[in-house]
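A.B. asks: mind folding the following:
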Amino acid sequence: MKICTNRLFILEIILYEHRKKYSTIFQPLIGKEALNHMIFIQTRWKPAEIRSLSLADSLFVIDEELQIDKLPEDAKSFIEQFEIPENPIMAYSLLEADWDPKENSVYLM
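C.D. replies: Okay, here's the model as predicted:
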């Protein structure tokens with residue numbers, strides 16, 4: 001459970017950073033929109049193709065971004081408190097039910 005929570009935390013922080021960089025007042029990239037936009041930026045696939053991806057497939061595509069060393073320093077320090085292994089990611093093993101894209105948005109505003 002600790003590793004799953006770690007993966008979700010990293011995903012949320014990476015998406016939060018992506019929103020800060022790319023969202024606008026007209027396109028706030030709320031919830032899964034940020035993940036889809038990140039995939040679009042990396043791949044230039046059609047939006048309909050991206051929206052049809054499962055969570056596992058989406059995370060597989062952005063796997064390079066889901067690394068602890070890509071996090072801001074304060075997030076890295078937070079994770080280090082829990083003594084989680086350096087690269088436990090393999091985030092694409094998460095299930096759709098593991099992540100609610102809107103659940104943590106309140107904490108990341």
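
A.B. asks: and the longest helix for the chain?
C.D. replies: Ranked by residue count and defined by DSSP state H, the top helix of the chain is helix 2-22.

A.B. asks: from the chain's centre, how far out does that helix sit?
C.D. replies: Centroid separation for helix 2-22 versus its chain: 4 Å, with CA atoms, centre = their mean, to the nearest Å.

A.B. asks: so for that helix, what gets flagged as buried?
C.D. replies: Neighbour-count burial for helix 2-22, counted by 16 or more other CB atoms under 10 Å, picks out 6-19. In this view, the C-beta of every residue, glycine as well, is placed from N, C-alpha and C.

A.B. asks: could you dump those to CSV with pLDDT and distance to Pro47?
C.D. replies: Formatted as CSV, those follow (pLDDT from 0 to 100; distance: CB to CB, whole Å):
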residue, pLDDT, distance to Pro47
Asn6, 71, 30
Arg7, 76, 25
Leu8, 81, 24
Phe9, 83, 27
Ile10, 86, 24
Leu11, 89, 20
Glu12, 89, 22
Ile13, 91, 24
Ile14, 93, 20
Leu15, 93, 17
Tyr16, 93, 21
Glu17, 94, 21
His18, 95, 16
Arg19, 94, 17
